[in-house]
Structure formats: structure tokens, C-alpha cells
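1. only geometry, no sequence info:
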């Protein structure tokens, strides 16, 4: 029987059971416990951001961002179509007019030229997605957003321990959102965090996370009681997941290094496999070395056959996003073709790169 190599195996450090047992022993399970604080301190050390909040998911972090920016019906938000639906949902839920931008074929990230083309007097926010924990133009996009008084949100779901010019991704914009879903390099099953780089947004974000109340001020002894202050929802990560996440964060560099070794090895192997297993295009080693080794990808004009060939060889490989502007719901925001996005979505193939596997 052929052994099927899975596309992804979630990382386990070995300390998760111990930390979760400590939570159970203390009988305190909701958010803002010891492990909650430990996880945040580890994230502060990694990102150099002072205002960080753990959330139930990166999706909820993005929804907090949209609410914090007071997105209203008709406000224009520029974002890539080549992304997970949560990027768009967060702003569509607030009534925003979504303007889908094309991506660069080599980075798979939104291009500055597209942002400039789509910007109008009604543009309220730009949302960048750091595909594969990589960016080569975030500084230029930040400068453009500041010069035009536009909020900049970083969907850094895939970007834990990813950098541009030695600065952690998610720290350039007004807000950065990171995912700890089990498909990411490190995880807590389902979770996320929000990095707040615009100090003017902190109070509102703290209210939103705590169901619209100033409970965090109460816990910091800044007020004698807490009350309903704004719109909000339950978005704070519980202590069990925070304990799991702490165990993972303690190993973040180990995980990144192991994934990078495996990625570069697998990339070398893909360059030398039989033609039936070779994609038509692979990014360079230089590109991958600037990522956090989240995704090993290539492009194939005959993708379905390539996927089947790898399946026959016992290796699971996948395609990726259906462009949002071509989806059944996203078509309402369709304004013009996005040729690079559409080509990449037809041809992209993702290969295993987790810590347990080398080709």
C-alpha cells in the first residue's frame, strides 16, 4: 500500500500538555491569565510592538480592525482578490465597497501600482496580504497610505516570524493581524492576535475585544466599574489556547529554521525531479530565503495533471485560492479583470514544507 505523505502536520512542541494541565490546576480558563500574559510578552519580544491583543482567530482580528476604523457603508477598501475570504468579509460586514487589486506575479502580493490606480477620495483603507510571510514593497505602500491619509491594515495571517528590512510584518500599518490556525507555522488550533501600531486606536480596540465594554480598564484598576462603551464582540483568546500558544511561541525560531531547511531542500529536489513532477515555474531560492518558510509554491500550466502525478507518487499537493472577485458572492464587487490573479489562481501548486517532511 502506497504511503501518502500529508500536505501539513501541525507542529507540537511537547510542552502543550504540561501548560494546559497548569491551567486546569488553577481552574481559571477565560482570557487574561498567566499564559495569556506570557504569550503576549513573547509576541512583544518577537515583533517589538507594545500593544498586542490575543484573539479567537485572525478572522476576528480583521473584524476588530474594520470596526476600529469605523468603516461605514460606501467607504472604499482596496485589497487583493487573491486571499482568503476573511480578508474581505471583515470589511464587507461593515458595508464597505471592496475594490479588488491585482497582484505581482513573483511575490503574489498586492502591487503599489494597483493601489495607486484604485485610490479615490473615498478610499478609507488599504489591506495588504503578506502571502507566504513575504513582502518587498510594504514600506512604499506605507508611505503612500500616510501621504494620502488612508488607513493601512496588514493581513499578516501567514507571517509569524516574517520580516521586511528586519522589521516584523504586521508592524508597518496602523493594525496588523496574525493567525495561529493549525495550518500555520505555529498554532493553538484556532487563534490569532492583533498588533496595534496606531496609538489612537488602542482604546477603541480594547473596548471591541471586551464586547464593547471598558473591562480592561477595570482589570487595570483604572475605573471602579466597567460599562458598555462601544460596539464590540467576544474576541479574547481563552487561557487554554493561550497556554498551547505559549508552548509554540517558545519554539518559533526552531520551527522557522526547520521549515526553511526543509523548504530549501524540497526546492532543490523539485528542480531535479522527472518532468512529469516539475512545475513550469518555481520562485528562486533568494525569494524563499526572505520568507518565513510557510509555503513552497510553483506554477503549472497543467496543474491538475501535476497534482495527480504527485498523488500517484504518494505526496499530497494542493492548489490555492479561488479569486474573490470571481466567486459567487464576490462577483458583486467585480469591476475589471485581474489578469495576474486569474493566471496564478489557475496555475499555483503548493507542496509540503512542514517540519516532518522532506522530498
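-> Sure, I can see it. No experiment lies behind these values; they were computed from the predicted model shown. Numbering: from 1, shown residues only.
2. can we go C-alpha only for contacts and neighbour counts from here?
-> Noted.
3. now residue 228. Its backbone dihedrals?
-> phi -70, psi 120 (degrees, to the nearest 10).
4. for the closest residue in space to it that isn't next to it in sequence, give me phi and psi.
-> Counting by Cα to Cα, 6 or more residues apart in numbering, the nearest residue to residue 228 once its immediate chain neighbours are dropped is residue 213, at 4.4 Å. Reported as degrees, to the nearest 10, the phi and psi values for residue 213 are phi -110, psi 170.
5. quick one: residue 213 from residue 179, how far?
-> To residue 179, residue 213 is 24 Å away according to Cα to Cα, to the nearest Å.
6. more neighbours: the two, which one.
-> The neighbour comparison of residue 213 against residue 179 (other Cα atoms under 10 Å) goes to residue 179, with 29 against 21.
7. give me every residue that touches that one.
-> Neighbouring residues of residue 179 by Cα atoms under 8 Å, 6 or more residues apart in numbering: 57-58, 156-158, 160, 187, 190-193.
8. can you redo those residues as CSV with secondary structure, neighbour count and distance to residue 44?
-> What follows is those, written out as CSV (DSSP: H, G, I helix; E, B strand; the rest coil; neighbours: other Cα atoms under 10 Å; distance: Cα to Cα, whole Å):
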residue, secondary structure, neighbour count, distance to residue 44
57, coil, 25, 18
58, helix, 27, 17
156, coil, 28, 16
157, coil, 29, 17
158, coil, 29, 18
160, coil, 27, 12
187, coil, 24, 17
190, coil, 18, 20
191, coil, 26, 17
192, strand, 27, 14
193, strand, 28, 11
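9. kindly reformat those as JSON lines containing distance to residue 10.
-> Listed next are the contacts of residue 179 as JSON lines, based on distance: Cα to Cα, whole Å:
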{"residue": "57", "distance to residue 10": "16"}
{"residue": "58", "distance to residue 10": "17"}
{"residue": "156", "distance to residue 10": "19"}
{"residue": "157", "distance to residue 10": "16"}
{"residue": "158", "distance to residue 10": "14"}
{"residue": "160", "distance to residue 10": "15"}
{"residue": "187", "distance to residue 10": "8"}
{"residue": "190", "distance to residue 10": "12"}
{"residue": "191", "distance to residue 10": "14"}
{"residue": "192", "distance to residue 10": "16"}
{"residue": "193", "distance to residue 10": "19"}
